[in-house]
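Chemist: sequence first, predicted model second:
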Amino acid sequence: MKFRTLQNLAPQHHQHSTSIITASSNKIPHLIVGAGLAGCLLAWRLQQAGQRFILIGSSAMPSAFGVAAGVINPVTGRWMTKTWNFGPLLPKVVETYRAIEQQFGIQVYRPIPEIRFCQNAEDLKRVGRRMRNPRYQNVLSHMAVAGEAAPEFNDDFGTFRIDQAAYVDLPLVVQTLRASFAALGQFRDETFLHSELQPAANGWQYRDLHADKVIFCEGAAMRDNPWFKNLPLKPAKGETLLCQSPALRLPQKLYHHKKWFLPYPDGSFRIGATYDESDLSDAPTEAKKDELLKAAHVALKEPHQVEVTAHLSGIRPSSLDSRPIIGAHPTELGLYLLNGLGSKGASTAPSMTQQLTEHILKKSPIENEVNLVRFD
Ligand SMILES: Cc1cc2nc3c(=O)[nH]c(=O)nc-3n(C[C@H](O)[C@H](O)[C@H](O)COP(=O)(O)OP(=O)(O)OC[C@H]3O[C@@H](n4cnc5c(N)ncnc54)[C@H](O)[C@@H]3O)c2cc1C
């Protein structure tokens, strides 16, 4: 599907000369739509650059950030491959979340040792090969024989350690940033209606706002955006369980035993995540809850009474080529997009928001690999 076709679907207003700015219009340089991870970090970057903006996002609408464990995992998937661009992304990750921690006096970025269980003899061979590969030397270490690394888990084939893993408290990042923007009158907790965005002289009019630029950070809801909905998102629903088990006290490590287990300092833990490209409904399902609980019972050595305290679902805004999608609309002056963060928003959002900010403010080029025009 060609990106070029987008313009056919968008409202037909290419001239930007029709609307009249009323006296009550608030003129702002940037209007950001979608106050999830991408929208909030982008707004924060603009604020750091001394720019004014209004951020519109609805806390009543579904989002991915509220469901995610926020794990940053350098080696992922069945084939245990190194995460795209992990080396270049990591310094920006640490710098960004640490700066937010310092500014607001919160803790959001938590490095954590990760233990991955081999599921069969083939896994064991594969990890051996990876460990001999120089590309993996800074992220893989400590192979342990079966039963040695984590006594709480069934372990028939041995484990290895993934270094440089971490998790980010994404809900805390978003809630903190939203609250700080709200205190400045720059956050509106409401649903954005695309039908009310109209081209205006040198910009776009949305209700009382006249914005030079509108930046869409809508996650999976991009499918309803008339200007960008033909970009190839490949959304995937995921569900996670927040659990408690009085007799189970897992050390603070991330365990990957087909599903992952993430213990929190208060003794609770999260199990995740399911993956489904066919059901894109918002609600969590009993079937996926059973899948996760079954995975827990298979992974844990002793039978444990597991109480589910929260069952959450969300849609990952993945893209067809598993890369972020950012940049300017090819024909509609002043419209921008940041999307396609998929299942890796915690690690990609810091760099992608910086790249888009510099593009908007300084016209810096966007890397070809993530630029939305690659779909043209
Ligand atoms: C089950 C699951 C597990 C995950 N685990 C991880 C993980 O471990 N590590 C990781 O890095 N990532 C993980 N992710 C992915 C991560 O959540 C996303 O990459 C990230 O949240 C994407 O950020 P976003 O801002 O693009 O989208 P979102 O977080 O979905 O935010 C978009 C926001 O825009 C709002 N919005 C959209 N349209 C409108 C509108 N018209 N009006 C008002 N508001 C609107 C939405 O309501 C939402 O709040 C997971 C996702 C899921 C579903």
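Modeler: Looks like it came in fine.

Chemist: check the stretch 251-376 of the chain for the residue nearest the ligand and tell me.
Modeler: Using Cβ to the nearest ligand atom, residue 345 is the residue of the stretch 251-376 of the chain that sits closest to the ligand, at 2.4 Å. The way it works is simple: take the backbone N, C-alpha and C, and place the C-beta from them, glycine included.

Chemist: my read: that residue touches residue 40, true?
Modeler: No. Residue 345 is not in contact with residue 40 according to Cβ atoms under 8 Å; the separation is 11.1 Å.

Chemist: which parts of the stretch 251-376 of the chain sit against the ligand?
Modeler: Residues of the stretch 251-376 of the chain lying near the ligand by Cβ under 6 Å from any ligand atom: 272-273, 314, 316-317, 339, 341-347.

Chemist: how about 8 Å then?
Modeler: Residues of the stretch 251-376 of the chain lying near the ligand by Cβ under 8 Å from any ligand atom: 260, 272-274, 312-317, 338-349.

Chemist: among those residues, which lie within strands?
Modeler: Among those, the members found in strands (DSSP state E) are 260, 272, 312, 313, 314, 315, 316, 338, 339.

Chemist: return the members of the residues you listed classed as buried.
Modeler: 260, 272, 312, 313, 314, 315, 316, 338, 339 (16 or more other Cβ atoms under 10 Å).

Chemist: which one's more surrounded, residue 345 and residue 40?
Modeler: Each of residue 345 and residue 40 has its neighbours counted (other Cβ atoms under 10 Å); residue 40 has more, 29 against 26.

Chemist: check for me that that one belongs to a helix.
Modeler: Yes. Checked against DSSP: H, G, I helix; E, B strand; the rest coil, residue 40 lies within a helix.

Chemist: from residue 38, how far out is the closest residue to it other than its chain neighbours?
Modeler: Once flanking residues are discounted, residue 40 sits nearest to residue 177: 4.0 Å by Cβ to Cβ, 6 or more residues apart in numbering. Counting by Cβ to Cβ, to the nearest Å, the gap between residue 177 and residue 38 amounts to 11 Å.

Chemist: out of these two, which sits in the more crowded spot?
Modeler: With other Cβ under 10 Å as the criterion, residue 177 and residue 38 differ in neighbour count, and residue 38 comes out ahead with 32 against 23.

Chemist: show me the contacts for the residue lying closest to the more buried one once chain neighbours are set aside.
Modeler: Leaving out its chain neighbours, the residue that sits closest to residue 38 by Cβ to Cβ, 6+ apart is residue 217, at 3.9 Å. Taking Cβ atoms under 8 Å, 6 or more residues apart in numbering as the criterion, residue 217 is in contact with 32, 33, 34, 35, 36, 38, 39, 42, 337, 338, 339.

Chemist: could you export the residues you listed to CSV, including columns for pLDDT?
Modeler: Shown next, in CSV, are those (pLDDT from 0 to 100):
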residue, pLDDT
32, 98
33, 98
34, 98
35, 98
36, 98
38, 98
39, 98
42, 98
337, 98
338, 98
339, 98
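
Chemist: just checking, residue 138 touches residue 163?
Modeler: Yes. Counting by Cβ under 8 Å, residue 163 is a contact partner of residue 138 at 6.8 Å.

Chemist: so between those two, which is more surrounded?
Modeler: Using other Cβ under 10 Å, the more surrounded residue of residue 138 and residue 163 is residue 163, with 16 against 13.

Chemist: since we're on residue 119, how many residues are nearby?
Modeler: Residue 119 has 14 nearby residues by other Cβ under 10 Å.

Chemist: the residue in the chain that the ligand sits nearest to: what's it in contact with?
Modeler: Nearest residue of the chain to the ligand: residue 36, at 1.8 Å (Cβ to the nearest ligand atom). By Cβ under 8 Å, 6+ apart, the contact list for residue 36 reads 57, 63, 64, 65, 174, 217, 219.

Chemist: stretch 212-229 close to the ligand?
Modeler: Yes. Stretch 212-229 is in contact with the ligand by Cβ under 8 Å from any ligand atom, via 217, 218, 219, 220, 221, 222, 224, 225.

Chemist: pull out the buried members of the residues you listed.
Modeler: Buried among the residues of stretch 212-229 next to the ligand (16+ other Cβ under 10 Å): 217, 218, 219, 220, 221, 222, 225.

Chemist: could you dump these into CSV with distance to residue 321, secondary structure and pLDDT added?
Modeler: Converted to CSV, these look like this (distance: Cβ to Cβ, whole Å; DSSP: H, G, I helix; E, B strand; the rest coil; pLDDT from 0 to 100):
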residue, distance to residue 321, secondary structure, pLDDT
217, 19, coil, 98
218, 19, coil, 98
219, 18, helix, 98
220, 17, helix, 97
221, 20, helix, 97
222, 16, helix, 97
225, 19, coil, 98
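
Chemist: reformat those as a markdown table; add distance to residue 201.
Modeler: Output for these, formatted as a markdown table (distance: Cβ to Cβ, whole Å):
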| residue | distance to residue 201 |
| --- | --- |
| 217 | 25 |
| 218 | 26 |
| 219 | 31 |
| 220 | 33 |
| 221 | 29 |
| 222 | 27 |
| 225 | 23 |
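
Chemist: can you map out the helices along the stretch 151-300 of the chain?
Modeler: 170-183, 286-299 (DSSP state H, counting those that start in this stretch).

Chemist: related to what we said a few turns ago, what about the residue lying closest to the residue of the stretch 251-376 of the chain closest to the ligand once chain neighbours are set aside, how many residues nearby?
Modeler: Distance criterion Cβ to Cβ, 6+ apart; nearest residue to residue 345, sequence neighbours excluded, is residue 37 at 4.9 Å. For residue 37, the count of nearby residues is 30 (other Cβ under 10 Å).
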